[in-house]
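Novice: no sequence on this one, just coordinates:
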């Protein structure tokens with residue numbers, strides 16, 4: 001629970017009155033507009049931010065104590081594609097235990113096993129810098145899970161990969177949740193309605209926390225209309241809406257964002273505001 005978490009240098013709460021839990025073998029998706037506090041939740045769970053009130057438990061411990069059993073895949077990774085490192089070695093680093101502690105035979109066996117699981121074992125000797133976006137995402141996911149975490153945190157893991165890879169990635173998460181709890185921050189509402197167990201809808205506070213069946217009432221939760229279009233996987237975005245809907249969605253609308261945070265407003269006829277069309 002986290003009744004209050006404030007932004008750096010700001011007196012305005014980023015999050016308030018949030019109560020969330022994720023169980024073992026559960027895939028929980030956190031959704032909400034841009035700036036709603038989704039990534040802040042992940043940072044609080046990792047112990048990178050401390051709430052001004054309330055409490056956070058990660059695997060029955062404080063976030064800083066529990067994060068050694070947490071895998072994390074951030075939205076933005078700092079990686080130089082020119083850096084000479086193989087896929088195998090990049091994933092093996094996820095088994096790092098500290099200075100002067102070398103890698104064991106078990107570490108290397110588990111690295112091979114997890115690369116097999118994510119479908120990248122055959123390319124284990126390739127340089128990470130040669131990979132496509134979807135392949136690189138699988139490698140970094142492998143590094144996050146090679147230490148066999150009890151909780152896996154993912155921040156927009158499918159944002160930079162193509163629809164076919166997105167579907168495959170969600171299938172992989174469905175397999176992984178049998179071994180760990182997974183908390184996923186995403187804007188991909190259509191896909192989560194197929195692949196996740198529970199959903200938390202956040203916009204500074206918690207609007208909804210329950211099964212994916214409640215996703216059908218998302219237009220009421222956001223107080224703006226939701227339409228379905230095809231992107232190769234189940235997907236939802238907003239139709240154009242006017243000011244009478246009010247609330248946080250007008251602020252998103254003014255910034256040229258839809259309420260699901262895709263960043264490109266859609267028109268009812270399927271034409272994007274930048275002239276592109278959905279097929």
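Specialist: Cool, the structure landed. All of these numbers come straight from a predicted model, not from anything done at the bench.

Novice: where does this structure dip in pLDDT?
Specialist: 1-11, 100, 214-279 (pLDDT under 70).

Novice: those helices in the stretch 51-200 of the chain, which residues are they?
Specialist: 63-66, 87-92, 105-117, 133-145, 163-176, 189-195 (DSSP state H, counting those that start in this stretch).

Novice: Would you mind saying which of these lies nearest residue 127?
Specialist: When the helices of the stretch 51-200 of the chain are compared by Cβ to Cβ, helix 87-92 sits nearest residue 127, at 7.7 Å. No exception for glycine: its C-beta is placed from N, CA and C like everyone else's.

Novice: Tabulate the helices of the stretch 51-200 of the chain in JSON lines, adding columns for mean neighbour count.
Specialist: What follows is these, written out as JSON lines (neighbours: other Cβ atoms under 10 Å):
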{"stretch": "helix 63-66", "mean neighbour count": "16"}
{"stretch": "helix 87-92", "mean neighbour count": "22"}
{"stretch": "helix 105-117", "mean neighbour count": "16"}
{"stretch": "helix 133-145", "mean neighbour count": "21"}
{"stretch": "helix 163-176", "mean neighbour count": "17"}
{"stretch": "helix 189-195", "mean neighbour count": "21"}
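
Novice: Those helices: which one's closest to residue 26?
Specialist: Using Cβ to Cβ, the nearest of the helices of the stretch 51-200 of the chain to residue 26 is helix 163-176, at 11.5 Å.

Novice: one step back: including distance to residue 37, could the helices of the stretch 51-200 of the chain go into TSV?
Specialist: Shown next, in TSV, are the helices of the stretch 51-200 of the chain (distance: least, Cβ to Cβ, whole Å):
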stretch	distance to residue 37
helix 63-66	16
helix 87-92	31
helix 105-117	31
helix 133-145	22
helix 163-176	22
helix 189-195	17
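
Novice: among those helices, which is nearest residue 25?
Specialist: Closest among the helices of the stretch 51-200 of the chain, using Cβ to Cβ: helix 163-176, at 10.2 Å.

Novice: any idea how far the closest one is from the chain center?
Specialist: 13 Å (Cα atoms, centre = their mean, to the nearest Å).

Novice: Could you do stretch 93-110 as well?
Specialist: Per Cα atoms, centre = their mean, the centroid offset for stretch 93-110 relative to its chain is 27 Å.

Novice: what does it rub up against?
Specialist: 71, 92, 111, 142, 143, 144, 145, 146, 147, 148 (Cβ atoms under 8 Å, 6 or more residues apart in numbering).

Novice: right, and the fourth one touches residue 121 too?
Specialist: No: under the criterion of Cβ atoms under 8 Å, residue 142 is not in contact with residue 121, lying 9.6 Å apart.

Novice: Overlap of the contact sets of those two?
Specialist: By Cβ under 8 Å, 6+ apart, the residues touching both residue 142 and residue 121 are residue 115.
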